[in-house]
Every structure is written in C-alpha cells, then in structure tokens.
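Asks: all I have is the shape, not the residue letters:
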C-alpha cells in the first residue's frame, strides 16, 4: 500500500523499472558494495496517521509548562499579529527555494528588498544583507569580516557587557578561525572606555564589538567610540536588539561601521530558541566584504523594475574557499516575518510596543526594589524594558518559586544576579504577582 | 503562479496616519527614563499601512513566486520534496511556540524529549553514535562538523593537521566551511564520473590532513563504490572522513554513512527530512558523529537521565557553542513529525523511489540530452546540455524555457566538471505522471531548440518578468528603497 507522501503504485513502479532496464528496485543500487547495504528496518517508531502525530506532540506539549514570561536575555515574548503568521504560511513563500531563478521568484526578491530597506532604516546603515541565522552567528560573521578587512591584524576586542550567548559563539568561531578575542573590561555595568583606549594602543586590533542594549539591559553611552576605533583603524561593530532601534540612537548615529544583532523581538515566537532572525548591516564602503545574500534592483529586458540576487562574487558557490563566508542560506522566511510585522506596526506601533515594555519594566523594577529583598544592580544606569537585579536569596531559588506560580521570573546571570524583562504581554497583575513572590522570600 | 508582475513595494502604499496593528493599553505610569543623547535623532521611517492593504500586498506578491506546492521543482542537490502540512501545524503548536529558551529544564521536559527523540532517530538513520541539532543550516553543520574534527585532533595534540581534502566536484560550501574553520583546502581531482580517484587521493594523505570531505552519492549522483577503501586510507593516515549530507536522500533505507566508514556527517533537514526551504531558510544542519567523538559535539547537549527526565549539559571537551540555544527548534519539530508520519515502514522506501525517479527521467531523455556518465545514477544526474550543440541553445536557455512551461529549472552550471551542467533531482514525492509531463516538455524544448532556437534563447516569455540585467545590478548596486 502506498503512503500519503509517496504517490507510486506498484504498476507505476513496474513501468518505471522497465524504462530503466531493470526488474527490481535493488538493481538500482547494484554499485553499492554488499557489505554496506543496510538490512532490516530502522529502529524508529512505526508510521503514524496525522491524528497520531498530533497526539504525539500534544503529549509532549503537556510536559511543558505555560509560564508568564519575564525572561529576556536577547529573546523577548512579544505579540504576533495574526496577519504575519498567515502571510508567512502561504506556500508560495514557504515552499520556494532560494531565488536563483528571478523570473519566477519576484515574490521572495521583493520582500527581501523591502526587508533590507527596513533594516537600513532601523540601524541607519547604508546596506543590509538578506538576513542571517541569528544575532550570535551574525556577530561572529562581523568579527571575521573585521579580520578580513584588516588583512594582517587578527585581534578583535569584545565588550564584557555582551550577552553570554553571543560571547560563547564568537569565542568558538574565533578559536577555529584563528582570531584572538580579548574582552574589554566593564566598569559599573558598562564598557570601560579608558580600558578600551589603552587596548587599542597596540595598533593590532581589527575590530571592536560592543552591545547596545547590553547584558544587564543597560543602554550604554558610546560617545567617542567611533573616533577611538577609527584612529586605531579598527571596525566599530555594534550588536543590537532590532526592536530597540525604533527609539534608541542608531548604530549609524554612534558612528558604527557594522550593525548586527537579533531581530526575534520583532514578533517572532520564542519557539524554544528558533527559528529566529539575525541581521547584518554596514556602511557602503564595506558592501563587498559583507557575507550572505544581497538583493539588488535592476531592470528586465522589457525595462520593468525587478530584483535579483546580486554581488554574488562574494559568495561560496562562486568563490568557494575564498568567499567572505561559508553562509549559503539566509533566514528567508523569518525575514518575511519581520517585514510583514514592521509593515503592520509601522514606526508608531513599534514605538508604542517599546513604550509599554519600558513602562512595565520601570514599574516592576520599582515594585521589586520596594520589597527590600532585591535591588537594582546598577541603579544609576538607563534601561528600556530589561533590568538586572541583585538578589539576597539565590536567583535560581527565586526562579523556582515563581515557576510554582506560573511565572518565569527572569534569567539568572550568576548566583545572585538576574535579568528581568517586560513586554506588552505581561499585565500589571502579573507584575504584582511576581512582586508578591519576591516579597514572600 | 500569476504570470503578471505585481511589482509594488510596501513603501509605495504608505499613507500618513494609517496603521495595521494595535496593542491594548497596560495602564501603567509613563516613564521617560532615557536621556536624549541615547535616543534616535533621525525619526524612524516605516510604511504606514492598514491590515487589509498589508495582507493584499503580500498575497499578491506571493503569486509571483514558484514553490513546491506550485509545481515540479527538479532542482539538483536541493531535494525539493513535498513539505507535509501536518509538520507546519506541529511547529505552530502553542505548547512549544511560547517556550523561552532560557526556561529551566523542569518546565520544558516535552521540548527536550522532542530534541532527544529526533537526535536518536537521526543517529539511527545516519548510523552514528550521537547527533547535535544545534547548527542552524547545512553550511553551519559543515562548519560545526569540521570544528568537531579539529577538536578531536587537538585533543590528541595532533595539531599539525591543517588541511582538508575536497573533491573538485564538491558543493561550494565545503571549501568555504573549511576556510572558516581555519583549515587549508586541497582539491583532489575527480575521475570523469566525478568519483574520487583513489590513486590521486593516496599521495595527498599525510600527517597534515585533518579530514577528507565527501558526499556520497557525489554531486553527479554516482555512488562512490570505493568508499570502504577510501575510509581505510583516510583512517590509516590519522585523518577523519566527513559526510556532506546534502545527498543523503537516496541512501534512506539503503546504506548508512556510519556503515560506509564516515566519522562525522551533517544532515540538511530541509532536504532529506521535508522541512520547507522558506525561500532560503530557515533550515537546519544537525551533525552526527561516530562513537568516540561524542564529547566534542557543541554545547549544550540534551541528555536523558536515569530517571527518564531530560537535562541540558555542557561537556568540557566540547568544541563550544555554535548557536545560541538548541538550533532552529521549530524546524526540528517538523523533521520529527515527518519521521513519525513515514515511520520505519516507509522511510526505507524514500531512497529507492527517489533513485527510481531520477533514472526514469535520465533514461527517457538521454537520446536528446548529452549524458556524460552512463549507468545507474542515484537521486540525481547531470546532463551536459543538449546532444545537438549546433543550435547554440545553452543550458541557461533550456532552464529559462522550462519556466515558461510551469516548471522550476534544474540546477545549472554545477557541478563545474562540465560546461553545460543541467542537474536534475526529482525526489520520491513526485508521481510518474508528473515525471511524464516533465519529460514531454524537455523533449519539446529540444525540438524547439532545433526549430526555433532564437525563441528558446530569449526565453522565458511567459513569466512575470523577462530576463533581468544582472550586470547592471552588480555594477551599480541599489539595495534599498529610497
């Protein structure tokens, strides 16, 4: 009996075999040495009907807890407009390959061009690529871009205030790519500018990577950084959270050469870590060093405005080992996701979403402090919708207690520090409940 | 597919004062905590559009796109099989989509079991000891696999191994991934059928070689039957053998990379395991290793404890983190849904039926298209253009003419071994009726090439746009709307 995904009847198979001049399917593998043939069945479950598959995932899903989410750490619980989920599920977008045939891929190419435009406007930069896997790998790519740009210098400085997930991935890429990564010390929750200046004195630095917001949720003041980097001929790279850029001074306004980061906060579901979206933008002068795909505008034979993948001479399928990166895919469908999201929210909607998170975070921070059980780790530093608290009780203990009440209280940074984030999705009641839990410690 | 170009950009639909999304007021006091020097100076300019306009815009835009659901997509090396709809439903399951990746393990046991179940299934299918699902894409998997290999050599203080040998027929990502992993590339020439020449390989294998990367079947769809001998030589030289899983599909149910002697492999879930390509991602590139290499896999890992619960662990010997969490989790859910839907009874049919389809097309067209390598192929094969070269009709022209007939083009000008490569991969989810229609069209195009070559050379004629000016795009890049 044939399976619902496999249309071949026995008669079809027989006719096809005849055309191929063989009588059995096994003969198509006559070139595979006998000792390599896999005998028997895979040790995996038996075939399931759709209903059984649903039941399987329902059973698994019942073993996850539904929690009110005050966790952030780079990934935020935002509302997803129904129209976004609807558009990205359209099979014309969903089931297409990379747009290598522009004549039948204008759908994909149009939205990537829109996406690139929106990311340029958010970051203030000149150029955006067609997207990256996520912010951690995008930052690692920026590090490699800095080293390739500098040619002989292979040292990159990264602020200690960078999120751990980014630091970890950058460290892995650096180790194998032959890049020396040194951490710029932090002082009172922000990057130590004097320490950076001293580190740049060595004149062997290819790039400087800082975080905005940083791992404590703090918005840092990067005044003067671009000049320091320029004097040292190092690329100035900023890792950002895309949605923040509706309100924050842009990487371009800070004088950055490259802007990278996570764009999950533009309505992409948390989905236990992915798929998310990374972005990567740069100044015009660096466009030929930018990894990944880029869509450009041109005309067709009939003079119509159309879009194509362009500057492909940078890429692995042309340049092989000399490519700017090994990256092949982008994160196409997730780029569509944020493009539709930003089309719906517009700038004002995005500012409003930011404002609500900010109002909530400041309200919650005040309430939590009022309990006397925790205090803001860096009380004088500005933040948007995420802040760091120092706890008397172990941070893990607070998280455990809150989970019993259906709340994910935040993310522990170490034994007695944790970050807490607020978006438009947590209510005043949720915040008061978390405050009550902390108060009862 | 709509053959009229829609062509508008969202920016052109914007009217001040419109919007497409509202949130409820949370009734909290307003704060203005940020000093002005930290705020944007130039106001953000995004389109202002209502919801119906946004939905109509993207719906119309989508109709200028061709997907697997639109029609046959014989794109070689890309395994454009049907993307089952139940997979999408499962990936959108709210019990998973709401999970923050930093949630403590006790509250995400179902998600961790999902990861572990898929890891086990892939290990079984690959013939490997353990898989990580953390890499985000195929190329990312290659990079991770090469890092595993370097971590292994480093652990033995065997640090002079700086070279990776790749066949000249390899996918472009292979050498590019090796370069990113800090390794030098040595190309081994392939024989006319694209298979690795053992005699050419042997002298290259010395104490400076970290790994040999291969795909089997190779990019010409030919099975490397010398693989046991190659594996023996590679291992004798102290190097490891890497399997590029891009061509795994025809091996399902037939032979496992682990049994062929491969030490490390990646799988493209968006190829072999039916997850959608999404117009270029998100994919997923799990990496498997043979016994003895598990400790080098990236962190974190999902482990099953003696009491049946699951935990996240970071191994001291691990190469480190290659991604923020556990990879593209939603893509992994789709792949597991696919494996469960097929089950052991049908997974083993996938390889032979994919191979049958490819051979059927090859045998049906080889009197008109130049088949450089005779004999059975696996899931894909390569024509070197038309047999009759006198018409001047190229592979590019044939590809473009196929678009007129409602087919996606095959992969063209790859592999680089032939001038006019036309690489066709049908997959097992295409019926013989679809293949017959495709064959008829390919025969018609061969006829047209003889009777009206100019028409074929100027194809496509029946698509939303005609051939775009790529040179202009690269010469004067316009990469955003202004």
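Replies: Yes, it's here. Keep in mind that what you see is a predicted model, and the values were worked out from it rather than measured.
Asks: how about residue B:277, nearest residue that isn't a chain neighbour?
Replies: Distance criterion Cβ to Cβ, 6 or more residues apart in numbering or on different chains; nearest residue to residue B:277, sequence neighbours excluded, is residue A:97 at 4.8 Å. The way it works is simple: take the backbone N, C-alpha and C, and place the C-beta from them, glycine included.
Asks: surely the one you found touches residue B:80?
Replies: Yes. If you go by Cβ atoms under 8 Å, residue A:97 and residue B:80 touch, sitting 6.2 Å apart.
Asks: between these two, which contacts overlap?
Replies: Counting by Cβ atoms under 8 Å, 6 or more residues apart in numbering or on different chains, the contacts common to residue A:97 and residue B:80 are B:73, B:277, B:408.
Asks: quick check, nearest of the residues you listed to chain A?
Replies: residue B:277 (4.8 Å; Cβ to the nearest Cβ).
Asks: count the neighbours of the closest one for me.
Replies: Burial measure for residue B:277: 27 neighbouring residues, criterion other Cβ atoms under 10 Å in any protein chain shown.
Asks: what about it, which SS state?
Replies: Secondary structure assignment for residue B:277 (DSSP: H, G, I helix; E, B strand; the rest coil): coil.
Asks: for chain B, what helix or strand is lowest in average pLDDT?
Replies: Within chain B, confidence by mean pLDDT, DSSP states H and E is lowest for helix B:173-180 among all helices and strands, at a mean of 91.
Asks: count the neighbours of residue A:2 for me.
Replies: Neighbours of residue A:2 under the rule other Cβ under 10 Å: 14.
Asks: quick check, pLDDT for it.
Replies: Residue A:2 is assigned a predicted lDDT (pLDDT) of 83.
Asks: contact partners for it?
Replies: Applying Cβ under 8 Å, 6+ apart, the residues contacting residue A:2 are A:8-9.
Asks: confirm it sits in a helix?
Replies: No. Secondary structure of residue A:2 (three-state DSSP): coil, not part of a helix.
Asks: what's the spacing between it and residue A:277?
Replies: In this view, residue A:2 and residue A:277 are 38 Å apart by Cβ to Cβ, to the nearest Å.
Asks: quick check: phi and psi at the closest residue to residue A:368 other than its chain neighbours.
Replies: Of all residues beyond its chain neighbours, the one nearest residue A:368 is residue A:374 (5.3 Å), with distances taken as Cβ to Cβ, 6+ apart. With angles defined as degrees, to the nearest 10, residue A:374 shows backbone torsions of phi -140, psi 160.
Asks: how many residues are close by residue A:374?
Replies: Taking other Cβ under 10 Å as the neighbour definition, residue A:374 ends up with a count of 25.
Asks: what residues are bridge-paired with it?
Replies: Taking DSSP bridges, one finds residue A:391 as the beta-bridge partners of residue A:374.
Asks: now do the buried residues in whichever helix or strand residue A:137 is part of.
Replies: Secondary structure here is read from DSSP states H and E; on that basis residue A:137 sits in helix A:135-150. Applying a neighbour-count criterion of 16 or more other Cβ atoms under 10 Å in any protein chain shown, one finds A:135-147, A:149-150 buried in helix A:135-150.
Asks: how about the next helix or strand along the chain from that helix, does it reach chain B?
Replies: Going down the chain from helix A:135-150, the next helix or strand is strand A:155-159, by DSSP H and E. No. In terms of Cβ under 8 Å from any Cβ of the partner chain, no part of strand A:155-159 sits within range of chain B; the closest distance is 14.4 Å.
Asks: so the closest residue to residue A:423 other than its chain neighbours: helix, strand or coil?
Replies: Distance criterion Cβ to Cβ, 6+ apart; nearest residue to residue A:423, sequence neighbours excluded, is residue A:357 at 4.7 Å. Using three-state DSSP as the criterion, the local structure at residue A:357 reads helix.
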